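A.B. asks: give me coordinates for this.
(chains A and B)
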Amino acid sequence: MIEERFDAIVVGAGMAGNAAALTMAKRGMKVLQLERGEYSGSKNAQAAILDADILEQLTPGFREDAPLERRLVEQRFWLMDSRSHIGLRYRFNDRNDKRPNRHIVIRALFDKWFSGKVREAGATVLYQTTVTELAQNRRGRVIGVRTDRQDRIIHADVVVLAEGVNGLLGTRAGWRERPAPDQVALQVKEMLLLPRETIEARFNLKRDEGVVIEAAGSISRGMTGIGFIYANRECISLGVGCLVSDLQRTGETPYGLLNRFKRHPSVVPLINGSELKEYSAHLIAKRGYNTIPQLCGKGWVVVGDAAELNNTGHRGPLNVAMISGRIAAEAIFRLKSRGDRSTSNSVSLYKKMLNESYEDLKKKNMPALMHTQPDNFLLTHRQLVSKAILNFARTAGRPKAGQEKSDSKAFCDEWSWTGLFGDGFRLPRAWR
Amino acid sequence: MHNVVCIKQVPDSAQIRVHPVTNTIMRQGVPTIINPYDLFALEAALELRDKFGGEITVLTMGPPSAEDSLRKALTFGADRAVLLTDRCFAGADTLATTYALATAIRKIGKEYGPPDLIFTGKQTIDGDTAQVGPGVAKRLGVLQLTYVAKIRALDLTARTIETERRSEGGVQVLRTRLPCLITMLEATNQIRRGAMADALRAARAPIVKWSAQEAGVEEISKCGLKGSPTVVKRVFAPSARAEKAVLVEAGEQPAQALIDAIFKHQPKLETDLAALARDA
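C.D. replies: Residues are numbered from 1 along each chain as shown, chains lettered A, B, ... in the order given. Have a look, this model is predicted:
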């Protein structure tokens, strides 16, 4: 039997892996994709915002059959107190009617569909197959992979590592460090079933409109973290994520945080009467530009979460993952059509293309900001602002002027003006 | 030898929910799997092929999406997969299902050589009837061995097979002649991890798809809902049982503590026992 050889092997069938495999297969390359899970998306716990423009480039006409949830029309930000919240609503209807450009997707369903497109494009996709080792020749060039199905090496010109946040192969090969506890967040999440009409009434939505709430403040108990609520078609995704290092330090339990979030008076009316359908936990990479590891070498490139290309402060790491997968694939294709067999210098074309197309990545370092300033914005300010608003909102039967004065004094005492400007400057920068 | 294994794609029963209000089964979004009992049948067929060579054809009837299950069967090492799919098969009970499967197996015999053995699982986890295997055997006019735990011997020259069949009274050793149909009992083997070559082949192999007509069905009225005398009258969720397990703290006299606890929870039992003792 002649040993089969592939143009490229893609390890992993998440967003980045699927984007890479699809792009190369469409270019007519011979692609093998290996996925550990039972199917693409089988281990994914995420509900996320998909940038339609990026997907459009990969699979035009995806709206016909992709399992899309609601289109996002509203973003709410909550600053939470133990009994109340201050909310900001941003409703945006631009480019959102005929061809909406942002959708909520449930990854377990979406990835399965996406993987079908990869197979249709002609890639060979194997599930329940774990890559155990990257095979290298004597000069350190990656020549293929070994899997748990056999000991023989499967050969390929280039291996695309899209193995996700844990990046076991890359770590084992010494190309990246294991993420430190302050560089990953542990997210716990529940899917809560509710009838479609109930969701629409509670969130004030018309048919197919969707909303996402992101909540900071008391919910994370002083840790760097965030709570979120996604209104999906017939269920609500609700969860909390905190930096692992903070969970270690405080001894808080993730399910404890989640339960507290669910019992919050602002959350209860949204989820009342729902049925728990799924409970899951996942690690989320929270590193920034500064920790992006080596992106390519002799015969290999790394994409998506495994490459720390997740742009944490920005909407949707999955979109960046898709971009990186596609760009890596385009770079590999360009090299192949030049007859180049992806030596170290040449795969770095990927890095160059990535840099050009995603200059933004450099700027976002939200967790670092939140991490170094954990007390400022999310804790001190929330309580003060909340107190002031409460005073404004209620009729206490006594003059308010004195209270207002003491509120603003409390503001100034606890929160220096430099702190105010510092936050005002830092937060939007990180969030942008 | 040529063996046919019938499999069914079923909803993963571990992930099925019953709707709290309507009491109906919520199938939406429930992942599908190969009926777990069928995997014991497939592995039994693979083990025979290891020893005696030959080919394995996997057959299923279902919607186009049942292709996923067939590909998985190919990954485990089956040689060929046939999907019997047609709108007219929808809503079939066991009578209509056995008609369609038996017809397809005859056609498989014509196309790829007559089967020596036909395997099924002992039952499916969604229907639980255990009727389809025996029904197919009856329609094909072949002998059947149900609840088989082990294949002890196979003689291809004499064309005989010897199996262990588990029954309520114990184990029966049964010998019969080929061809025959076997329904495999659970936990008798473990499905293998397919080799890389099988996985690659499975991902790329074409699945043979037959409509009712292509499979050689002559009487459409015997298929699907039309051919099914079984009618589902009502589906309901069983109500939770009132009985509970009770933890009894036993100290010095565990037997006495246990008896006290039992009588406390079932006062009638105490009076009944006392009456029995009196009568005796």
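A.B. asks: what's the closest non-adjacent residue to residue A:41?
C.D. replies: residue A:111 (3.0 Å; CB to CB, 6 or more residues apart in numbering or on different chains). Glycine gets a C-beta too; all of them are placed from N, C-alpha and C.
A.B. asks: same question but for residue A:83, I mixed them up
C.D. replies: residue A:265 (5.8 Å).
A.B. asks: would you confirm that residue A:54 contacts residue A:324?
C.D. replies: No. Counting by CB atoms under 8 Å, residue A:54 stays clear of residue A:324, with 10.7 Å between them.
A.B. asks: more crowded one of these two?
C.D. replies: Set side by side, residue A:54 and residue A:324 show more neighbours around residue A:324, with 32 against 19, by other CB atoms under 10 Å in any protein chain shown.
A.B. asks: contacting residues for the more buried one?
C.D. replies: By CB atoms under 8 Å, 6 or more residues apart in numbering or on different chains, the residues touching residue A:324 are A:16, A:19, A:303, A:304, A:307, A:309, A:354, A:358.
A.B. asks: check the offset of the host helix or strand of it from the chain's centre.
C.D. replies: Element membership for residue A:324, per DSSP states H and E: helix A:317-337. Here helix A:317-337 is found 18 Å from its chain centre; the criterion is CA atoms, centre = their mean, to the nearest Å.
A.B. asks: next, the buried residues of it.
C.D. replies: A:317-333, A:335-336 (16 or more other CB atoms under 10 Å in any protein chain shown).
A.B. asks: now do whichever strand or helix holds the residue nearest to residue A:41: distance to the chain's middle.
C.D. replies: Using DSSP H and E, residue A:111 sits within helix A:107-120. Distance of helix A:107-120 from the chain centroid (CA atoms, centre = their mean) equals 18 Å.
A.B. asks: which residues touch it?
C.D. replies: So helix A:107-120 is contacted by A:13-15, A:18, A:21-22, A:25, A:33, A:35, A:39-42, A:44-48, A:50, A:59, A:62, A:65-68, A:125, A:318, B:29, B:203 (CB under 8 Å, 6+ apart).
A.B. asks: switch the cut-off to 6 Å
C.D. replies: Outside helix A:107-120, the residues that touch it by CB atoms under 6 Å, 6 or more residues apart in numbering or on different chains are A:13, A:18, A:21-22, A:39-41, A:44, A:46, A:59, A:66-67, A:125.
A.B. asks: let's verify residue A:75: helix, strand, or coil?
C.D. replies: Classification of residue A:75 using DSSP: H, G, I helix; E, B strand; the rest coil returns strand.
A.B. asks: excluding chain neighbours, what is closest to it?
C.D. replies: In space, residue A:75 is closest to residue A:90, 4.7 Å off (CB to CB, 6+ apart).
A.B. asks: OK, now which residue of the stretch 201-350 of chain A is nearest to chain B?
C.D. replies: Nearest residue of the stretch 201-350 of chain A to chain B: residue A:275, at 6.1 Å (CB to the nearest CB).
A.B. asks: okay, now that residue: neighbour count?
C.D. replies: Residue A:275, neighbours per other CB under 10 Å, totals 14.
A.B. asks: and the stretch 51-200 of chain B, which residues reach chain A?
C.D. replies: B:195, B:196, B:199 (CB under 6 Å from any CB of the partner chain).
A.B. asks: low-scoring pLDDT stretches of chain B, where are they?
C.D. replies: Filtered on pLDDT under 70, chain B yields the residue ranges B:19-25, B:27-29.
A.B. asks: ok, longest helix in it?
C.D. replies: helix B:94-112 (DSSP state H).
A.B. asks: residues of the helix or strand hosting residue A:24 that come out buried?
C.D. replies: Counting by DSSP H and E, the element that carries residue A:24 is helix A:15-26. By neighbour count on 16+ other CB under 10 Å, the buried set for helix A:15-26 is A:15, A:16, A:17, A:18, A:19, A:20, A:21, A:22, A:23, A:24, A:25, A:26.
A.B. asks: contacting residues around it?
C.D. replies: So helix A:15-26 is contacted by A:8, A:10, A:31, A:33, A:58, A:114-115, A:118, A:121-123, A:160, A:162, A:303-304, A:318, A:321-322, A:324-326, A:328-329 (CB under 6 Å, 6+ apart).
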